[in-house]
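Chemist: Below are the sequence and a predicted model; questions follow.
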Amino acid sequence: MAGQQTWQWPSRIALVAEHKESNFYYLSKRCLDVILASLLLIVLLPLLLLIAVLITLDSPGPVVFNQKRVGAKRKWLGRQAIWVIQDFTMYKFRSMIQNADPSVHEAYIREFVEGRAQASAESGGKFKLTNDPRVTRVGHFLRKYSLDELPQLLNVLKGDMSLVGPRPVPPYEVACYGNGHRKRLAALPGITGYWQVKGRCQVCFEEMVRMDLEYIRNASFVYDLKILFLTIPAVLSRRGAE
């Protein structure tokens, strides 16, 4: 059956951080997330409404697309801080036709994780699907400028995501991970991150994991601010976007 989900993955895995974590860092990070996400939602409200209208006029279906993603939350086990991997609902502006078959993307992700995917010349050497017929006309524009990601500001306010962190991925991607790959989940997932501004869709899976682990090991408030500032030129240049 088209789109049937055959993957499984062991949820509620606990990961122990490999570096000393500062409670002050996570408190300051959360304050930055709430303040900046709230301000962005207020300032961008006219744009969000315009996008909603364009999506409605372009194709039938909901304006916002909800998808299960895998992230992690920091919890305490005695005196030890651990990261508990769990599902959450992530919000995006819908950029595909309604009820799009996910099996195409699932197959590509499996090849990407296993190292069998090839960078496409049609996409300028990027590791991503090209000429996807499921993407709508407005969807192409939204993806090109990463505007489809804006509803994730609500995920930030809910505490499921941060402004900066490793990219949350679908459960069917995590189902393909080896034990070493899961270490990239030992952080609150983010809208932007080190991989997004430095390698987005231009590096292989193993390099993506390495970049996420580098961020996790060196995470700090200043590092997060640096990534936020680097996100602006990355978005404007449409690096890795489609």
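Modeler: Yes, it's here.
Chemist: From here on, just use CA atoms for contacts and neighbour counts.
Modeler: Will do.
Chemist: Quick check: closest non-adjacent residue to Trp76.
Modeler: Ile82 (6.0 Å; Cα to Cα, 6 or more residues apart in numbering).
Chemist: residues making contact with stretch 77-94?
Modeler: Applying Cα atoms under 8 Å, 6 or more residues apart in numbering, the external contacts of stretch 77-94 come out as 11-17, 52, 55, 62-76, 139, 147-152, 154-155, 160, 171, 185-187.
Chemist: what's the spacing between Asn218 and Ser22?
Modeler: Distance, Asn218 to Ser22, using Cα to Cα, to the nearest Å: 12 Å.
Chemist: likewise Leu153?
Modeler: Relative to Ser22, and taking Cα to Cα, Leu153 is found at 24 Å.
Chemist: Compare the two and say which is more crowded by neighbours.
Modeler: Neighbour totals were compared for Leu153 and Ser22, and Leu153 leads with 25 against 10 (other Cα atoms under 10 Å).
Chemist: which SS state does the more buried one fall under?
Modeler: helix (DSSP: H, G, I helix; E, B strand; the rest coil).
Chemist: What of Leu163?
Modeler: Strictly by three-state DSSP, Leu163 counts as strand.
Chemist: Likewise for Asn66?
Modeler: strand.
Chemist: Skipping its backbone neighbours, what lies nearest it in space?
Modeler: Asn66 sits nearest to Tyr91 (Cα to Cα, 6+ apart), 4.9 Å away.
Chemist: Name the strands paired with the helix or strand hosting that neighbour and say parallel or antiparallel.
Modeler: Element membership of Tyr91 [criterion: DSSP states H and E] is strand 80-93. Here strand 80-93 is paired, per DSSP bridges, with strand 14-16 (antiparallel), strand 64-77 (antiparallel).
Chemist: That strand: which residues count as buried?
Modeler: Using 16 or more other Cα atoms under 10 Å as the burial criterion, the residues of strand 80-93 that qualify are Ala81, Ile82, Trp83, Val84, Ile85, Gln86, Asp87, Phe88, Met90, Tyr91, Lys92, Phe93.
Chemist: what's the answer for stretch 30-49, then?
Modeler: Arg30, Leu32, Asp33, Val34, Leu36, Ala37, Ser38, Leu41, Leu48.
Chemist: Which of those residues fall within helices?
Modeler: Arg30, Leu32, Asp33, Val34, Leu36, Ala37, Ser38, Leu41, Leu48 (DSSP state H).
Chemist: Could I get the pLDDT score of the second one?
Modeler: What the model reports as pLDDT for Leu32 is 96.
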